[in-house]
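1. coords below, sequence missing:
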């Protein structure tokens, strides 16, 4: 029980920290260092800092034994776990991640009024849902591969995952924001009073969740153990 409570608290705190980290990175690069938004050098530096930031959160996830800031991360692992784990994920972990993100955004806007509006949908509803779905499907498939099939150290796998997330985020940034994280988007949408709109629910919740479930099932089908492996397990 204590382990579950620790995990829930870790989820909430990490979600709070994640929304803050993205804002602090932009403030550091553009306001403190003075790089313009479309400056190539500034963007490269921001990407580098973002990768370091993802390494930090990957390390926090490791030391907290599974703490996460993204509902899709915990959902993809819960699908292949026990029913109790699935219920805890849906009933406690994801709500606390959303709560942490909302509180983080509220504090951000209180500390830095007018700092931003979070991810924005700039294409049609169906194009946005397809974009977030494809991005999510890709990163979930990669995450499953890194966690089970691809050999390598923690740092190697984190590097591959971080660069991949950054690349996918960049691809979708002009269309949907390339969020691939319903909790952080919910924080900004709640602050704008847009968290129950059809656009928000379909693009940033329903499409990514469907893509996550599909990726988990496809990966499970593609990497089904062979007859020889099944025989070894039974013997």
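-> Received the coordinates, thanks. Just so it is clear, the model here is predicted, and its values are computed rather than measured.
2. ok, which stretches of this structure are helices?
-> 2-26, 40-63, 71-79, 83-88, 94-111, 125-148, 154-172, 182-192, 198-201, 207-222, 227-234 (DSSP state H).
3. dump those helices into a markdown table; add mean pLDDT, mean neighbour count and distance to residue 34 as well.
-> C-beta coordinates here come from the backbone N, C-alpha and C atoms, glycine included. Listed next are the helices of the chain as a markdown table, based on pLDDT from 0 to 100; neighbours: other Cβ atoms under 10 Å; distance: least, Cβ to Cβ, whole Å:
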| stretch | mean pLDDT | mean neighbour count | distance to residue 34 |
| --- | --- | --- | --- |
| helix 2-26 | 93 | 18 | 13 |
| helix 40-63 | 93 | 15 | 8 |
| helix 71-79 | 90 | 22 | 35 |
| helix 83-88 | 88 | 13 | 46 |
| helix 94-111 | 95 | 20 | 21 |
| helix 125-148 | 92 | 19 | 31 |
| helix 154-172 | 93 | 16 | 22 |
| helix 182-192 | 93 | 24 | 26 |
| helix 198-201 | 92 | 15 | 34 |
| helix 207-222 | 92 | 18 | 35 |
| helix 227-234 | 46 | 9 | 57 |
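4. would JSON lines of those helices with distance to residue 119 be doable?
-> Below are the helices of the chain laid out as JSON lines (distance: least, Cβ to Cβ, whole Å):
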{"stretch": "helix 2-26", "distance to residue 119": "10"}
{"stretch": "helix 40-63", "distance to residue 119": "15"}
{"stretch": "helix 71-79", "distance to residue 119": "14"}
{"stretch": "helix 83-88", "distance to residue 119": "27"}
{"stretch": "helix 94-111", "distance to residue 119": "12"}
{"stretch": "helix 125-148", "distance to residue 119": "9"}
{"stretch": "helix 154-172", "distance to residue 119": "9"}
{"stretch": "helix 182-192", "distance to residue 119": "5"}
{"stretch": "helix 198-201", "distance to residue 119": "10"}
{"stretch": "helix 207-222", "distance to residue 119": "12"}
{"stretch": "helix 227-234", "distance to residue 119": "42"}
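5. ok, which of those helices comes nearest residue 33?
-> helix 40-63 (7.3 Å; Cβ to Cβ).
6. between the closest one and helix 154-172, how big is the angle?
-> Put simply, helix 40-63 runs at 130 degrees to helix 154-172, going by axes from the mean of the first three to the mean of the last three Cα atoms, to 10 degrees.
7. which one, of the helices of the chain, ends up nearest to residue 117?
-> helix 182-192 (6.4 Å).
8. how about residues contacting the closest one?
-> 15, 18-19, 22, 69-72, 94, 97-98, 100-106, 109, 116-119, 177, 179, 195, 197, 200, 204-205, 208-209 (Cβ atoms under 8 Å, 6 or more residues apart in numbering).
9. cool, and stretch 73-90?
-> Under the criterion Cβ under 8 Å, 6+ apart, residues 4, 11, 66, 68, 93-94, 97, 140, 143-144, 209, 212-213, 215-217, 220 lie in contact with stretch 73-90.
10. now do residue 10 against residue 25, distance only.
-> Between residue 10 and residue 25 the computed distance is 22 Å (Cβ to Cβ, to the nearest Å).
11. check residue 33 too.
-> Distance of residue 33 to residue 25, computed by Cβ to Cβ: 11 Å.
12. now do residue 56
-> Distance from residue 56 to residue 25, by Cβ to Cβ: 11 Å.
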